[in-house]
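Chemist: sequence and predicted structure below; questions after.
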Amino acid sequence: MVMDMITAMTIEDFEERAMAYGAKIDGWPEEDQAPARALLAGSAAARTMLEEAASLDAMLDLWEGPQPSNALLSRVLADAATVAGEAQVELTAPAPVRDGWLVRLFGNTPIFRPGLALAACLALGFVMGTNIEESVLAPASNGTVQEIGVIDFAFAMEDDSDLLLGSEALL
Amino acid sequence: MNAGIATGSTVGFGGGQIRRWQGGVTMVETASAASVDVDAEDDDTLIVRFADGDQSAARLLSERHLGRVLALATRMLRDTAEAEDVAQEAMMRAWRNAAKWEPGRAKFSTWLHKVALNLCYDRLRKRKSSSLDEVAEPVDDRASAQDGMEADERLSTLKSAIAALPERQRAAIQLRHFEERGNDETAEILGVSVEAVESLLSRGRRALRDKLAGQRAMLLEE
């Protein structure tokens, strides 16, 4: 069974793997490792390929990755603190007060406030005016009848003024 | 191979002190619990801890991943300032998405590298589109100027050869060779199949071998 796997790897397959994954056979796909080692043991061409891959690995390793500076780490941690702070604000912020129907209708901008005040005054004036007119004209209660009687008497006095003038004339 | 920031993150609780970073201030507090190795905590635990308001988890995650993300961005962009911006932005996205993180669903490191790689692609795309509007090729000019200041000519030759590779071949080599990630994870980060990863690696390394063939003796000081 092992021999079948070993013979399954051709020198072309070996070259392909060496080119893709480099000289460390431990890093190749697991199923390729044993056949590759078996081929390597008996093939000078495979050894040459692996040496070539090792050279390329060594050249690549010349470029070492940079270490993060303290300044970068500080910026990253400051970002984390900012995000954590925002999350805290979201958790502790009070629920928004539900607006009344007037605000929903007209909005909450200051420009509508004088208009609303004017409208309220007009409405109040209309209501008050209507009530006074009704209280004067409607003969619904005794009090109202008495008021009308007083007004009639006043007009009667004006009507009698001619008599007074006449009596003065007589004098 | 690149490593993260080297700091002692094993903290002693047994009658000792723990240095806890909170909002940019290092506080020292006493704890009486048994000794705990914070390195043992996996990324899932740390990201959940951060989402719960524990900012010491942010430092541990940064120490663990910032170096690798920065190395990826540096090799992809070949510009230190831009690479730092990408690394910072990738970590910022981690913080912003911490509350939505579902432990066990994905590997944090894979997710973070994917984010960083996409940010690199975005920047490379912008460079290309801006270079179309200009007469000169800005990336090559800047790279040449930067390389001119580098004392090590060998490194400059190598960087130029890697920078000349197509983006995905470059990314595949970065993840597989420099970070020693497996095929499955590399495929996930690149958003391609495992077979495609092998093809990208093979073509990329073959191109590098051919390009550097003449400089091999100089590069390896043979």
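Modeler: Sure thing, it's come through.

Chemist: got the phi/psi numbers for the closest residue to chain B within chain A?
Modeler: Closest contact between chain A and chain B, by C-beta to the nearest C-beta, is at residue A:65 (2.9 Å). All C-beta spots, glycine's among them, are computed from the backbone N, C-alpha and C. The phi/psi pair for residue A:65 (degrees, to the nearest 10) reads phi -70, psi 150.

Chemist: so how far is residue B:104 from it?
Modeler: 29 Å (C-beta to C-beta, to the nearest Å).

Chemist: residue B:109 contacts residue B:43, doesn't it?
Modeler: Yes - the pair residue B:109 / residue B:43 is scored as a contact, 6.4 Å apart, by C-beta atoms under 8 Å.

Chemist: which parts of stretch A:13-26 are buried?
Modeler: Neighbour-count burial for stretch A:13-26 flags A:14, A:15, A:16, A:17, A:18, A:19, A:20, A:21, A:22, A:23, A:25 (criterion: 16 or more other C-beta atoms under 10 Å in any protein chain shown).

Chemist: contacting residues around that stretch?
Modeler: Outside stretch A:13-26, the residues that touch it by C-beta atoms under 8 Å, 6 or more residues apart in numbering or on different chains are A:27-29, A:32-33, A:36-37, A:39-40, A:43, A:46, A:49-54, A:56-57, B:176-177, B:198-199, B:201-202, B:205-206, B:209.

Chemist: kindly report the same for stretch B:107-118.
Modeler: B:43-44, B:47, B:61, B:65, B:68-69, B:72-73, B:76, B:86-87, B:90-91, B:93-94, B:101, B:171, B:175, B:185, B:188-191.

Chemist: and the buried ones among these, selectable in ChimeraX?
Modeler: Buried members of the contacts of stretch B:107-118, defined by 16+ other C-beta under 10 Å, are picked up in ChimeraX with:
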select /B:43,44,47,61,65,68,69,72,73,76,86,87,90,91,93,94,101,171,175,185,188,189,190
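
Chemist: of the contacts of stretch B:107-118, which belong to helices?
Modeler: B:43-44, B:47, B:61, B:65, B:68-69, B:72-73, B:76, B:86-87, B:90-91, B:93-94, B:171, B:185, B:188-190 (DSSP state H).

Chemist: check those one by one and keep those near chain A.
Modeler: B:68, B:87, B:91 (C-beta under 8 Å from any C-beta of the partner chain).

Chemist: what would those residues look like in JSON lines with pLDDT?
Modeler: Formatted as JSON lines, these follow (pLDDT from 0 to 100):
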{"residue": "B:68", "pLDDT": "95"}
{"residue": "B:87", "pLDDT": "98"}
{"residue": "B:91", "pLDDT": "98"}
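
Chemist: what strand or helix carries the residue lying closest to residue B:66 once chain neighbours are set aside?
Modeler: Distance criterion C-beta to C-beta, 6 or more residues apart in numbering or on different chains; nearest residue to residue B:66, sequence neighbours excluded, is residue A:68 at 4.7 Å. Assigned by DSSP states H and E, residue A:68 belongs to no helix or strand.

Chemist: what about residue A:68, how many residues nearby?
Modeler: Under the neighbour criterion other C-beta atoms under 10 Å in any protein chain shown, residue A:68 is assigned a count of 24.

Chemist: from what I can see it touches residue B:87, true?
Modeler: Yes - using C-beta under 8 Å, residue A:68 is in contact with residue B:87, at 7.1 Å.

Chemist: shared neighbours, those two?
Modeler: Residues touching both residue A:68 and residue B:87 (C-beta under 8 Å, 6+ apart) are B:66, B:70.

Chemist: tell me which residues touch the most centrally placed residue in chain B, please.
Modeler: Nearest to the mean C-alpha position of chain B, by C-alpha atoms, centre = their mean, lies residue B:69 at 1.6 Å. The neighbours of residue B:69, taking C-beta under 8 Å, 6+ apart as the test, are B:86, B:87, B:90, B:91, B:112, B:113, B:116.

Chemist: apart from its chain neighbours, what residue comes closest to the last one?
Modeler: By the measure of C-beta to C-beta, 6+ apart, the closest residue to residue B:116 outside its immediate chain neighbours is residue B:90, 4.1 Å from it.

Chemist: what's near enough to touch the one you found?
Modeler: Per C-beta under 8 Å, 6+ apart, neighbours of residue B:90: B:69, B:73, B:112, B:115, B:116, B:119.

Chemist: just the pLDDT for it.
Modeler: In this model, residue B:90 is scored at 98, pLDDT.

Chemist: same deal with the one 10 residues further on?
Modeler: Reading off the per-residue confidence, residue B:100 sits at a pLDDT of 93.

Chemist: now do the buried residues in the lengthiest helix in chain B.
Modeler: Longest helix in chain B, counting residues (DSSP H): helix B:108-133. Along helix B:108-133, these residues count as buried under the neighbour rule (16+ other C-beta under 10 Å): B:108-117, B:119-120, B:123-124, B:127.

Chemist: the strand or helix carrying residue A:38 vs chain B: in contact?
Modeler: Using DSSP H and E, residue A:38 maps to helix A:30-42. No - contact of helix A:30-42 with chain B (C-beta under 8 Å from any C-beta) is absent, the minimum separation being 9.8 Å.

Chemist: the next helix or strand after that helix to helix A:30-42, inter-axis angle?
Modeler: Next along the chain after helix A:30-42, taking DSSP H and E as the criterion, comes helix A:44-60. Here helix A:44-60 points in a direction 120 degrees away from that of helix A:30-42 (axes from the mean of the first three to the mean of the last three C-alpha atoms, to 10 degrees).

Chemist: touching helix A:44-60 from outside, list them.
Modeler: Here helix A:44-60 has contacts from A:11, A:14-15, A:18-19, A:22-25, A:36, A:39-40, B:158, B:162, B:173, B:177-178, B:205, B:208-209, B:212, B:216, B:219-220, using C-beta under 8 Å, 6+ apart.

Chemist: no further questions, thank you.
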